[in-house]
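Trainee: Output the structure for:
(one chain, ligands or ions: 2)
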Amino acid sequence: MKDVYILGVESSCDETSISIVKNGSVEIATTVLTQMDTHAMYGGVVPEIASRMHTENITLVLEDLLSKTDLSVSDMDAIAVCYAPGLLGSLLVGIEFAKTLALVYNKPLIKVHHIAGHIYANNLVKEIKFPTLALVVSGGHTELVRMDDDYSFKVLGTTLDDAIGECFDKVARVLDLKYPGGPNIEKLAKLGKNTYNLPIPMNNNELNFSFSGLKSAVINLVHNEKQRGNIINKEDLACSFQTIAVDELIRKTKLAIIKTNIKRLIVAGGVSANSYLREKLNELCNELDVDLSIPPLKYCTDNATMIACAAYPLYLKKEFTDFSLNGKSQEYFFTNK
Ligand code: AMP
Ligand code: MG
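Mentor: Ligands and ions are numbered 1, 2, ... in the order given. The predicted structure follows:
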């Protein structure tokens, strides 16, 4: 079969990224321009600034990408773009850019959900084989999913309230940690010990998660200690929180493996960058003889490589989209399947 080259565009938050991927699994070239330093000055992503910076940078990102390869846009088989979820103004910059390329170069346009991108980033490591379990851990998603084929998702367990990434970010905020919260909790946790007694979330045999109780417990603890004039050991609290949150992910993943007897696990989403989670998943999969795939760190943060990977099965199914494509700031991935 002829090789398929897809150009992917990602601009859902504070990274402007464009990538070319061959056959959904071979990265040809990628450029990622992060705005993190700018937003860090404000303590979080400022949507208005993010979309302006995408507008300033996106053409330069394409120029930089094309300087890394002999391929040009006319060599592409399709243009793929992340359309949801994210900051609307940011998404729209990438969407309009992708539409323009598709129109000018007469290429099919493929819309990709951000979470599909995180899932299909696993193909960059080794081909996803089915059936597989997928642990999806991001700012808006916490799911254990069974996949029997490409784009076939059966949710086995989901969060009943907060997503795990959201929980990391809220706890980071109450500990006065700088944006981005998740990675800073991880850094602090490395310096601390698991000494604080926090409640175990959803301590049962179901596959659903709940993180709001744990989040509230940390927030209340910090407020109570402050009111009493006590000093909080932030390193220990970060470590205690991270241990209990990650251990919960591991416990439910183990249950899902045992219940389904599926011996493959892929991991997806920004929280999969967490080194304690990666370590515990390795231990679990060694113990249960499960084939584990976690994308390398650079593919766990936002990038267009994963968008081009996720577009490939859609290209094969000819699931193209027309030029009326719009951005969606919120769209839960799995309910639409
Ligand atoms: P996503 O929604 O998949 O783009 O991932 C973003 C989420 O991942 C945010 O909530 C981040 O705080 C979280 N995150 C990123 N890196 C880490 C980390 N090392 N540890 C914990 N959470 C992280
Ligand atoms: Mg992401």
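Trainee: need the contact list for the most centrally placed residue in the chain.
Mentor: What sits nearest the mean C-alpha location of the chain, by CA atoms, centre = their mean, is Gly269, with 2.6 Å. Residues near Gly269 by CB atoms under 8 Å, 6 or more residues apart in numbering: Ile115, His118, Val136, Val137, Ser138, Gly139, His141, Gly165, Cys300. Where C-beta positions appear, they are placed from N, C-alpha and C, glycine not excepted.
Trainee: can you name the two of the residues you listed that are farthest apart?
Mentor: The span of the contacts of Gly269, defined through CB to CB, is set by His141 and Cys300 at 13.6 Å.
Trainee: in the stretch 51-200 of the chain, which spans are strands?
Mentor: Under the criterion DSSP state E, counting those that start in this stretch, strands of the stretch 51-200 of the chain are mapped to 78-84, 109-113, 132-137, 142-149, 152-158.
Trainee: Turn these into JSON lines, columns for distance to Leu124 and mean neighbour count.
Mentor: What follows is the strands of the stretch 51-200 of the chain, written out as JSON lines (distance: least, CB to CB, whole Å; neighbours: other CB atoms under 10 Å):
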{"stretch": "strand 78-84", "distance to Leu124": "15", "mean neighbour count": "27"}
{"stretch": "strand 109-113", "distance to Leu124": "15", "mean neighbour count": "24"}
{"stretch": "strand 132-137", "distance to Leu124": "15", "mean neighbour count": "25"}
{"stretch": "strand 142-149", "distance to Leu124": "17", "mean neighbour count": "20"}
{"stretch": "strand 152-158", "distance to Leu124": "20", "mean neighbour count": "17"}
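Trainee: restrict the contacts of Gly269 to those near ligand 1?
Mentor: Applying CB under 6 Å from any ligand atom to the contacts of Gly269, one finds that His118, Ser138, Gly139, Gly165 fall near ligand 1.
Trainee: What about the closest residue to Gly89 other than its chain neighbours, how many residues nearby?
Mentor: Nearest non-adjacent residue to Gly89, counting by CB to CB, 6 or more residues apart in numbering: Ser51, 3.3 Å away. As a burial measure, Ser51 scores 19 neighbours (other CB atoms under 10 Å).
Trainee: Do I have it right that Ser51 meets Ser90?
Mentor: Yes - look at Ser51 against Ser90 with CB atoms under 8 Å: they come within range, at 5.0 Å.
Trainee: Now do the shared contacts for the two.
Mentor: Joint contacts of Ser51 and Ser90 (CB under 8 Å, 6+ apart) do not exist.
Trainee: picking up where we left off before, the residue nearest to Gly89 and Asp247, how far apart?
Mentor: Going from Ser51 to Asp247 by CB to CB, to the nearest Å gives 38 Å.
Trainee: interface residues of the protein facing ligand 2?
Mentor: Within the chain, the positions lying close to ligand 2 (CB under 5 Å from the ion) are Gly270, Asp302.
Trainee: Now the element after the top helix by length along the chain, going C-ward?
Mentor: The longest helix of the chain (DSSP state H) is helix 234-260. Sequence order places strand 264-268 as the next helix or strand after helix 234-260, per DSSP states H and E.
Trainee: What strands line up against that next one, and which way round?
Mentor: strand 132-137 (parallel), strand 291-293 (parallel) (DSSP bridges).
Trainee: what's around Ile244, how many residues?
Mentor: 20.
Trainee: Now for it: which residues touch it?
Mentor: Contacts for Ile244 (CB under 8 Å, 6+ apart) come out as Leu198, Pro199, Ile200, Pro201, Leu214.
Trainee: Do you know the pLDDT at the first one?
Mentor: Going back to what we said before, that points to Leu198. Leu198 is assigned 94 on the pLDDT scale.
Trainee: So what does it have for phi and psi?
Mentor: phi -110, psi 150 (degrees, to the nearest 10).
Trainee: who's in contact with it?
Mentor: Leu198 touches Leu214, Ala217, Val218, Leu221, Ser240, Phe241, Ile244, counting by CB under 8 Å, 6+ apart.
Trainee: care to break the chain down by domain?
Mentor: As assigned by automatic domain parsing, the chain contains the domains 5-121+299-316, 127-294.
Trainee: What separates the first and last residues of the last one, distance-wise?
Mentor: With CA to CA, to the nearest Å as the measure, the first residue of domain 127-294 is 12 Å from its last.
Trainee: from now on call the first residue 25
Mentor: Sure, I'll start numbering at 25, so the last one becomes domain 151-318.
Trainee: can you count the residues close to the closest residue to Lys92 other than its chain neighbours?
Mentor: Counting by CB to CB, 6+ apart, Lys92 lies nearest to Ala53, which is 4.0 Å off, once chain neighbours are set aside. For Ala53, the neighbour count with other CB under 10 Å is 18.
Trainee: what helix or strand is Ala53 on?
Mentor: Ala53 belongs to strand 50-58, assigned by DSSP H and E.
Trainee: Same check on Leu31?
Mentor: Assigned by DSSP H and E, Leu31 falls in strand 29-34.
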